[in-house]
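> what follows is a predicted protein model with its sequence.
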Amino acid sequence: MTVRVALQARLEQGIAALGLHVSAEAVSRLLDYQALLERWNAAYNLTAVRDPAEMITRHLLDSLAILPYVQGDTLADLGTGPGLPGIPLAIVAPGRDILLVDSNGKKVRFLREAIRALKLEGVRAVQSRVEDVQGQFDCITARAFASLADMLGWGGHLLAPGGIWLAMKGKRPDNELPGVPAGFEVRAFHELAVPGLQAERSLLVLGHRADT
């Protein structure tokens with residue numbers, strides 16, 4: 001069994017366990033993304049995860065676990081790093097305008113190469129601090145890059161009226177909830193079961209307060 005075949009089996013089993021329906025073409029492109037990330041990571045240290053099978057679990061399946069909660073026509077992925085969860089979401093659910101934001105130049109160069117190599121339409125990457133980004137988005141994703149207070153303090157201006165903010169965390173961040181800025185509220189909390197991952201994963205759904 002080749003490495004790619006083994007990785008594909010792990011990915012497909014994980015997708016099935018998540019209850020998602022992903023096309024064969026999208027599975028192939030997810031594996032292309034993983035291979036590109038693995039190749040670049042050897043030179044540029046984009047992620048601490050080096051084992052290909054662990055990349056499937058910790059990067060691809062972890063990203064896809066939030067797919068049922070993503071909504072709207074526009075999405076900003078803040079502190080995206082090497083494109084997580086933005087690129088996996090773009091691959092499996094195309095047709096949405098996605099902005100990938102990171103302040104690290106090496107990571108943004110990788111993102112632009114991934115967008116080109118994977119032919120991701122409607123996806124662009126910008127090297128910027130979150131607070132300097134302009135625009136408004138129906139959905140914002142952020143994968144544990146800061147506290148809720150900092151995330152919303154830096155990027156709250158990017159959330160469109162009626163939009164949702166998906167904050168990906170490890171264990172439920174109860175200690176961060178008092179820091180949610182005025183004008184925002186927690187709408188829902190979901191415990192995520194990422195196939196093959198023993199660590200806790202949670203998702204907070206936030207939005208503008210209705211009375212503001």
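Right, received. Where do you want to start?
> under the pLDDT cut-off, which ranges of this protein? List them.
The model of the chain has pLDDT under 70 over residues 1, 212.
> again, 50 this time
Along the chain, the model assigns pLDDT under 50 to no residue.
> what strand or helix carries Glu185?
Per DSSP states H and E, Glu185 falls inside strand 184-192.
> pairing partners for whichever helix or strand comes after that strand, with directions?
Toward the C-terminus, strand 184-192 is succeeded by strand 201-208 as the next helix or strand (DSSP H and E). Strand 201-208 pairs in its sheet with strand 159-169 (antiparallel), strand 184-192 (antiparallel), by DSSP bridges.
> so what touches the last one?
Translated: strand 184-192. 65-66, 69, 152, 156, 164-165, 172, 177, 180, 200-210 (Cβ atoms under 8 Å, 6 or more residues apart in numbering). All C-beta spots, glycine's among them, are computed from the backbone N, C-alpha and C.
> show me which residues of that strand are buried.
184, 190, 192 (16 or more other Cβ atoms under 10 Å).
> beta partners for the second one?
Beta-bridge pairing of His190, defined through DSSP bridges, involves Leu203.
> and it, how far from Val205?
To Val205, His190 is 7 Å away according to Cβ to Cβ, to the nearest Å.
> wait, is Trp25 part of a helix?
No Trp there; residue 25 is Glu. Yes - according to DSSP: H, G, I helix; E, B strand; the rest coil, Glu25 belongs to a helix.
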